[in-house]
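[1] Compute the structure for the input listed below.
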Amino acid sequence: MANRSRISILSLSQNRMVIRAVHAEIQPHGFAIGGILESDPFSPKDLALALKILEPRPQAMLVGRGYSEEEAEVVRIIFAQFKQNVSLDDGIVIKITNKVFDEVGKEGVPKWVLHQLQDHFDKEVVPK
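    Numbering: from 1, shown residues only. As a prediction, this is how the structure comes out:
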């Protein structure tokens, strides 16, 4: 792990078991799920509030496949505004799509998420 403080992630998900598996995979590599927002139906207001109150501040968002691409786009907009408001230089929104799920399977999602995070934050790369 690089000499960097742990990177906190807010997950927008309807499946806590998958997010727990993601956390177990990413935690040894300097990432952590800092919160899970179960929003059904999706609420931009709840997301903005969660981003505002979480500490440490999330540097990434993970959007589960239960949310549409349109909802993921709203997440990207809200996260971009959050980054600007708190002067966060770096951050990413990762969307788990049905295509990703079909390609890697449920068991492969945690490792796929880790690779997305590492690719973005230039962390050590784990063999695929």
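[2] Now Val104: closest residue in space that isn't a chain neighbour?
    Trp112 (4.9 Å; CB to CB, 6 or more residues apart in numbering). Every residue, glycine included, has its C-beta placed from N, CA and C.
[3] pLDDT below threshold where in the chain?
    Scanning the chain for pLDDT under 70 picks out 1-4, 123-128.
[4] any idea where the helices of it begin and end?
    Counting by DSSP state H, the chain has these helices, from start to end: 16-26, 44-53, 69-85, 98-121.
[5] ok and the third one relative to helix 44-53, angle-wise?
    When axes from the mean of the first three to the mean of the last three CA atoms, to 10 degrees is applied, the directions of helix 69-85 and helix 44-53 differ by 30 degrees.
[6] rewinding a little: quick check: which of the helices of the chain is buried the most?
    Most buried of the helices of the chain, by mean neighbour count (mean count of other CB atoms under 10 Å): helix 16-26, with a mean of 18.
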